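[1] Attaching a predicted model along with its sequence, questions to come.
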Amino acid sequence: MCHGCDCSTWFDLSKVGLSGEGCIRDAAFLSSIRVPCTQNVVTPQFYTKTLTARKPLPGSTYSRIELGSRTHEGRVHDVFLKSPLIPGKSLLYEACIQQIVRDSLDRGGFAKGAPRVHDVFRLLDGSVCFSMDLVENARPLSALLQDASDLTPLILDVLLNLTAMLAHLETDIGVDHRDLKPSNLLVEIHEPRTRLLTVHGTGHRILSSYTITLIDFGFSCIGDSTTQRADLAIGDVYGVADPCPKRGRDLFMFLAFLYMECGTRIQPDLRTLFGKWLQNGKTGLLAKLDTYGHEFDQWIYFITGNEQVAAFDCYPLRVLSDLVKLGKL
């Protein structure tokens, strides 16, 4: 039961290794969640009775990632362990949002749409961390872009899948990722599979060779599509009045960072579409990306976080329609 709360945001904490349930939009519920500390004092790599850290991995600006082992029902399997770099900080909200996104994408038919969260736990330094699925046989899109000899099939396939995923998330639970770039998109390559993508009632059948997984929800927000008010927002890059969800924001950010990664290698007809999607008044954004590359990163966050901008023109249905018209699918 929803108990007066929007069902899409009623959250069972047992999904992240805790107990209790409540509305994730309710600040009182969020503040009431208690995370116990069971880290071993003598052997600190034993985070809990079932979680053991094994080795550090490349992390991000705000967090540390480790490869770990998790024991469940007598079986041991590999997991990722994520913890904040600053002692005492909490990743509880991020873990909840990631699992909510995972559940939503499961409902939408997007297998492996986000890594499943297994446990939320506290360390001796007060940090609240979480464990999650290790996405096997997947690599960051940023790495694939460097290796691909022909970018067009990869970009088209990924964009088609991403438009459908983002359209579903916005309408289903009002989530904006707010840090969507090629390094935060994992891609698994497999034999071509027929896939029906639906974006706001418009369906398109494709033969897809990639399955994509969204990661790193440390800047994400959950809001209401009608009011565009953020009920839960994490990270300090975006202001408290930032509209959430903001139509087309995630795609605008992703397309800008994607263009920075490989804009000079994109075929002319696809480049023309990037210019159309990334129009931003009279700023000539594509020319700036050509000139400054990743020196322009901070301005992308500034543009997408502008509280006066309520929507971007490169919303999922428009991008999907443009890709279909391109005629290379």
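    Noted; the coordinates are in hand. As the structure is a prediction and not an experimental result, all values here were calculated from the model.
[2] which parts of the longest helix seen in the chain are buried?
    Secondary structure of the chain per DSSP state H: the longest helix is helix 151-173. By 16 or more other C-beta atoms under 10 Å, the buried positions in helix 151-173 come out as 151, 154-173. C-beta: built from backbone N, CA, C; applies to glycine.
[3] cool, stretch 223-238 as well?
    Neighbour counts using 16+ other C-beta under 10 Å place 223, 228, 230, 231, 232, 233, 234, 237, 238 of stretch 223-238 among the buried residues.
[4] all strands of the protein, in order?
    Using DSSP state E, the strands of the chain run over 10-12, 21-23, 51-57, 63-72, 75-84, 117-122, 128-133, 138-140, 175-176, 185-199, 202-214, 221-223, 230-233.
[5] tell me the most buried of the ones you listed?
    Comparing the strands of the chain by mean neighbour count (mean count of other C-beta atoms under 10 Å), strand 175-176 ranks first with a mean of 27.
[6] List the pairing partners of it within its sheet, with orientation.
    Strand pairing for strand 175-176, using DSSP bridges, gives strand 221-223 (antiparallel).
[7] where does the stretch 151-300 of the chain have low pLDDT?
    280-283 (pLDDT under 70).
[8] Need the pLDDT of the residue of the chain positioned farthest from its centre.
    Using C-alpha atoms, centre = their mean, the residue of the chain lying farthest from its centre is residue 42. It sits 35.9 Å away. Listed pLDDT for residue 42 reads 94.
[9] Likewise for residue 329?
    53.
[10] Ok, residue 58 next?
    At residue 58, pLDDT is 82.
[11] and what of the one 4 residues further on?
    Listed pLDDT for residue 62 reads 83.
[12] Roughly how far does it sit from residue 44?
    In this view, residue 62 and residue 44 are 22 Å apart by C-beta to C-beta, to the nearest Å.
[13] Please apply the same query to residue 161.
    Using C-beta to C-beta, residue 161 is found at 40 Å from residue 44.
[14] swap in residue 18?
    Where residue 44 is concerned, residue 18 sits at a distance of 22 Å (C-beta to C-beta).
[15] For those two, indicate the residue with more neighbours.
    Neighbours of residue 18 and residue 44, each counted by other C-beta atoms under 10 Å, are more numerous for residue 18; the result is 19 against 12.
[16] That one and residue 32 touch, don't they?
    No: using C-beta atoms under 8 Å, residue 18 is not in contact with residue 32, being 11.1 Å away.
[17] coming back round to it: also compute the angle for the longest helix of the chain relative to strand 185-199, please.
    Put simply, helix 151-173 runs at 70 degrees to strand 185-199, going by axes from the mean of the first three to the mean of the last three C-alpha atoms, to 10 degrees.
[18] Packing partners of helix 151-173?
    helix 92-107, helix 141-147, strand 185-199, strand 202-214, helix 249-262, helix 268-277, helix 316-326 (3 or more C-beta pairs under 8 Å, 6 or more residues apart in numbering; DSSP states H and E).
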